[in-house]
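Engineer: predicted coordinates and the sequence they were generated for:
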Amino acid sequence: MKLTFEKQLATNYKSASQKARILTEQWVDNAIFCPNCGKLNIDKYPNNQPVADFYCSNCREEYELKSKQGVIGTKVVDGAYRTMLERLTSSNNPNFFLLNYDLSNLEVINFLVIPKHFFIPKIIEKRKPLAATVRRAGWVGCNILLQSILQTGKIFFIKNRQAEPKEKVLAEWQKTLFLREEREISAKGWLLDIMRSIEKLGKREFTLDDIYAFEKELSALHPDNKHIKDKIRQQLQVLRDRGYLDFMSRGYYRFT
């Protein structure tokens with residue numbers, strides 16, 4: 001996979017932001033395959049598409065591209081806060097491509113996809129309304145809190161200037177597709193919170209008691225549930241049935 005931009009594409013543009021947009025969008029259009037079905041070269045929508053930037057003509061998955069020079073950081077600036085919340089429960093909520101680049105070297109540093117099923121309201125941060133002195137006074141935008149997204153929800157094509165095998169990208173995508181079957185935000189939130197607890201353990205094999213250690217934290221996240229341990233066992237069973245975990249023996253699990 002080529003990790004450099006085509007410099008000549010931006011020669012007619014003076015603005016650095018315009019150059020970056022042209023170069024990054026063209027690179028994605030030429031270099032990236034669909035992580036859902038593996039089709040080579042996804043397709044670019046015409047400019048000013050209201051929802052997404054790219055789509056796959058084979059499986060119809062849609063992707064919105066966010067690009068940033070330098071370090072990606074812990075947040076990504078997005079559009080209107082209310083629109084984003086509405087999109088989280090809609091059928092046309094796109095997946096997110098995140099591109100981190102070095103414009104001085106015209107080189108891609110990191111490129112990853114965050115599947116749309118990892119987007120829930122708690123990872124969306126409301127920004128302050130625009131001041132009364134600006135053109136869009138009162139407009140409220142939002143940030144995507146990257147640090148609140150599970151590591152399994154950050155699927156790298158390029159990591160630290162190194163391309164990941166295509167087979168690995170496709171496998172990581174398929175691993176969490178079961179989350180799309182959870183239509184209710186609260187049900188998906190529970191699964192994601194248990195998955196996050198497993199990630200925090202930092203080990204592939206763990207016990208039920210290891211997850212019980214998060215009881216207080218999970219209770220704070222879900223104050224209406226008075227049977228946290230029962231819910232933990234239920235969610236671990238769901239994750240086992242979906243192939244996200246292996247059940248090794250009574251009270252013992254392995255992260256696949």
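Structural biologist: Noted; the coordinates are in hand.

Engineer: surely Leu145 meets Thr74?
Structural biologist: Yes: the criterion here is CB atoms under 8 Å, and Leu145 meets it with Thr74 at 6.9 Å. C-beta: built from backbone N, CA, C; applies to glycine.

Engineer: those two - which one has more neighbours?
Structural biologist: Leu145 (14 against 11; other CB atoms under 10 Å).

Engineer: what is the mean pLDDT for stretch 53-62?
Structural biologist: Mean pLDDT, stretch 53-62: 94.

Engineer: just the C-alpha atoms of that stretch, please, in PDB.
Structural biologist: Below are the C-alpha coordinates for stretch 53-62, written out as PDB (Å, rounded to 0.1, in the frame of the first residue of the first chain):
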ATOM      1  CA  ASP A  53     -17.600  11.000   2.100                       C
ATOM      2  CA  PHE A  54     -17.100   7.500   0.800                       C
ATOM      3  CA  TYR A  55     -19.100   4.300   0.200                       C
ATOM      4  CA  CYS A  56     -18.600   0.800  -1.000                       C
ATOM      5  CA  SER A  57     -20.400   0.000  -4.200                       C
ATOM      6  CA  ASN A  58     -20.400  -3.700  -3.300                       C
ATOM      7  CA  CYS A  59     -21.800  -3.800   0.300                       C
ATOM      8  CA  ARG A  60     -23.100  -0.200   0.600                       C
ATOM      9  CA  GLU A  61     -21.200   0.600   3.800                       C
ATOM     10  CA  GLU A  62     -20.600   4.400   4.200                       C
END
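
Engineer: give me the buried positions along it.
Structural biologist: Buried residues in stretch 53-62, counted by 16 or more other CB atoms under 10 Å: 53-56, 61-62.

Engineer: try stretch 115-125
Structural biologist: Quick answer for stretch 115-125 (16+ other CB under 10 Å): 115-120, 123-124.

Engineer: alpha carbons only: can I get it in PDB?
Structural biologist: Only the C-alpha atoms of stretch 115-125 are listed here, as PDB (Å, rounded to 0.1, in the frame of the first residue of the first chain):
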ATOM      1  CA  PRO A 115     -17.100   1.000  13.000                       C
ATOM      2  CA  LYS A 116     -20.400   2.900  13.500                       C
ATOM      3  CA  HIS A 117     -21.600   0.400  16.100                       C
ATOM      4  CA  PHE A 118     -19.100   1.800  18.600                       C
ATOM      5  CA  PHE A 119     -20.800   5.200  18.500                       C
ATOM      6  CA  ILE A 120     -23.100   5.800  21.500                       C
ATOM      7  CA  PRO A 121     -24.100   9.200  23.100                       C
ATOM      8  CA  LYS A 122     -21.500   9.000  25.900                       C
ATOM      9  CA  ILE A 123     -18.600   9.300  23.400                       C
ATOM     10  CA  ILE A 124     -20.100  12.600  22.000                       C
ATOM     11  CA  GLU A 125     -19.000  15.800  23.700                       C
END
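
Engineer: can you give me the neighbour number for Glu21?
Structural biologist: No, residue 21 isn't Glu; it's Arg. Arg21 has 16 neighbouring residues, counting by other CB under 10 Å.

Engineer: my bad, Leu221
Structural biologist: 14.

Engineer: what about the residue of the chain positioned farthest from its centre, is that helix, strand or coil?
Structural biologist: Centroid-distance maximum for the chain: Thr133 at 34.4 Å, with CA atoms, centre = their mean. Classification of Thr133 by DSSP: H, G, I helix; E, B strand; the rest coil places it in coil.
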